[in-house]
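In: predicted model follows, preceded by the sequence.
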Amino acid sequence: ATPTALLTGTGRGAQLGILIRGPQVLEDTRTVDTIVLDKTGTVTTGTMAVHDVVAFGHRTAQELLRLAGAVEAASEHPIARAIADHAAGAGRLAEAVDFSSAPGGGVRGTVGSLTVTAGRAAWLHRNRISPSSEQETACSAAENAGTTAVWVAVDGAVEGFITLSDTVKETSAAAVGRLRTLGLRPILLTGDNRAVALQVAASVGIDAADVHAGITPEGKVDVVRALQASGATVAMAGDGVNDAAALAQADLGIAMGSGTDVAIEAADLTVMGNSLEQVAQAIELSRRTLGTIK
Ligand code: ADP
Ligand code: MG
């Protein structure tokens with residue numbers, strides 16, 4: 001395409017709320033044949049809601065929620081926001097100190113004289129905490145029912161878990177269909193558990209074989225790299241919460257406008273409307289600009 005056509009395409013993108021880093025991006029978009037979609041905040045709304053607080057009997061569910069909420073208040077993760085808000089709704093949040101966290105893992109802090117650890121199993125293990133097999137069974141049942149479960153441990157002992165759920169964006173299923181029509185193979189990538197990932201995939205029309213669940217932020221980069229090594233040209237859409245490195249690795253990085261500054265910096269394209277429909281629109285726009293479709 002001529003430089004003028006590319007500039008016109010970039011301008012048209014801006015009108016549609018699609019920010020394109022430079023005219024070259026439209027050229028790069030042409031060869032993309034695979035699109036990796038981050039689940040939380042990209043395919044789903046990313047606004048999570050607490051479903052249930054399961055306490056194993058050391059203290060009440062309300063007390064466990066209060067402790068978890070105090071530590072999660074220091075984290076920006078959608079899971080953290082949901083837990084902290086839910087806890088705040090039941091009473092004033094306690095103060096947490098000595099906060100630490102692992103991206104895509106969980107949080108830890110001290111509330112009064114208690115050390116509270118909340119997050120996925122791998123994060124508990126890193127803090128030398130292990131659920132019993134009965135506790136694991138209870139948690140797996142909740143996950144198989146399609147919720148995201150977060151373990152809560154106090155002073156090194158597992159005391160329960162909190163389940164949360166997220167909602168698939170209304171536009172996601174149609175958008176995945178449109179991406180397929182454009183010849184792209186959609187792949188779902190998430191740090192969340194497999195049962196939730198499979199439910200989301202099924203509801204938007206992504207094949208179970210193309211679901212990568214339980215993936216750490218570094219693992220997400222490896223998934224993109226492996227696809228590239230197998231010959232794919234990869235676009236990836238994400239919100240930057242634990243996926244910014246993968247966005248940077250992709251041949252075409254697409255950030256949700258609601259995403260983090262890191263995502264927008266790492267991305268070639270930013271869609272201001274936060275919808276996957278706009279991602280499809282961006283790819284259609286580049287192909288139209290380059291004359292590959294009318
Ligand atoms: P996704 O890939 O769906 O965007 P993330 O990589 O952000 O998910 O997180 C993966 C998993 O790590 C979450 O499903 C959760 O189990 C755990 N996790 C991440 N951050 C937190 C947090 N602040 N509190 C509790 N658990 C967390
Ligand atoms: Mg995410």
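Out: Right, received. Where do you want to start? Ligands and ions are numbered 1, 2, ... in the order given.

In: for residue 61, phi and psi?
Out: Main-chain torsions, residue 61, degrees, to the nearest 10: phi -60, psi -40.

In: neighbours of it, how many?
Out: Residue 61: 16 surrounding residues under other Cβ atoms under 10 Å. Bear in mind the C-beta positions are built from the backbone N, C-alpha and C, glycine included.

In: same question for the one 4 residues further on.
Out: Applying the criterion other Cβ under 10 Å, we find 24 residues in the vicinity of residue 65.

In: same question, residue 14
Out: Other residues close to residue 14 by other Cβ under 10 Å number 12.

In: same question for the one 5 residues further on.
Out: Neighbouring residues of residue 19 were enumerated by other Cβ under 10 Å; the total is 19.

In: hang on, it packs against residue 13?
Out: Yes: with contact defined as Cβ atoms under 8 Å, residue 19 reaches residue 13; the gap is 7.0 Å.

In: name the nearest residue to the residue in the stretch 151-294 of the chain that ligand 2 sits nearest to, sequence neighbours excluded.
Out: Going by Cβ to the ion, ligand 2 is nearest to residue 241 of the stretch 151-294 of the chain, at 4.1 Å. Nearest non-adjacent residue to residue 241, counting by Cβ to Cβ, 6 or more residues apart in numbering: residue 41, 6.0 Å away.

In: so what's the backbone phi/psi at the one you found?
Out: phi 90, psi -10.

In: with residue 183 as the reference, measure out to it.
Out: Between residue 41 and residue 183 the distance is 26 Å, computed by Cβ to Cβ, to the nearest Å.

In: what of residue 95?
Out: Distance, residue 95 to residue 183, by Cβ to Cβ: 54 Å.

In: then residue 234?
Out: Distance from residue 234 to residue 183, by Cβ to Cβ: 14 Å.

In: so which of these two has more stuff around it?
Out: residue 234 (25 against 11).

In: now that one, which residues is it bridged with?
Out: residue 34 (DSSP bridges).

In: ok, now which ones touch it?
Out: Residues in contact with residue 234 (Cβ atoms under 8 Å, 6 or more residues apart in numbering) are 32, 34, 35, 36, 224, 227, 228, 250, 251, 252.

In: and of those, the nearest to ligand 1?
Out: Ranked by distance to ligand 1 (Cβ to the nearest ligand atom), these are led by residue 36 at 11.2 Å.

In: tell me the mean pLDDT over the helix or strand hosting that closest one?
Out: Secondary structure assignment for residue 36, by DSSP states H and E: strand 34-38. When pLDDT is averaged over strand 34-38, the result is 98.

In: before we move on, the earlier item: now, the contacts of residue 234 that are in strands?
Out: The strands, defined by DSSP state E, take in 34, 35, 36, 252 from those.

In: gap between residue 283 and residue 271?
Out: Going from residue 283 to residue 271 by Cβ to Cβ gives 11 Å.

In: swap in residue 187?
Out: Distance from residue 187 to residue 271, counting by Cβ to Cβ: 18 Å.

In: what about the strands in the stretch 1-150 of the chain?
Out: Assigned by DSSP state E, counting those that start in this stretch, the stretch 1-150 of the chain shows strands spanning 18-20, 34-38, 49-55, 97-102, 106-111, 114-119, 148-154.

In: what's the closest of the ones you listed to residue 259?
Out: Distance to residue 259, taken as Cβ to Cβ, is lowest for strand 34-38 among these, at 9.5 Å.

In: which strands and helices sit next to the closest one?
Out: strand 185-189, helix 217-229, strand 234-238 (3 or more Cβ pairs under 8 Å, 6 or more residues apart in numbering; DSSP states H and E).

In: name the residues that touch the longest one?
Out: If I follow you right, that is helix 217-229. 34, 36, 38, 103-104, 187, 189, 191, 212, 215, 234, 236, 242-243, 245-246, 249-251.

In: now that helix: buried residues?
Out: Across helix 217-229, burial judged by 16 or more other Cβ atoms under 10 Å covers 217, 220, 221, 223, 224, 227.

In: same thing with stretch 110-128?
Out: By neighbour count on 16+ other Cβ under 10 Å, the buried set for stretch 110-128 is 111, 115, 116, 117, 118, 119, 120, 121, 123, 124, 127.

In: quick check: mean pLDDT of that stretch?
Out: Averaging pLDDT along stretch 110-128 gives 97.
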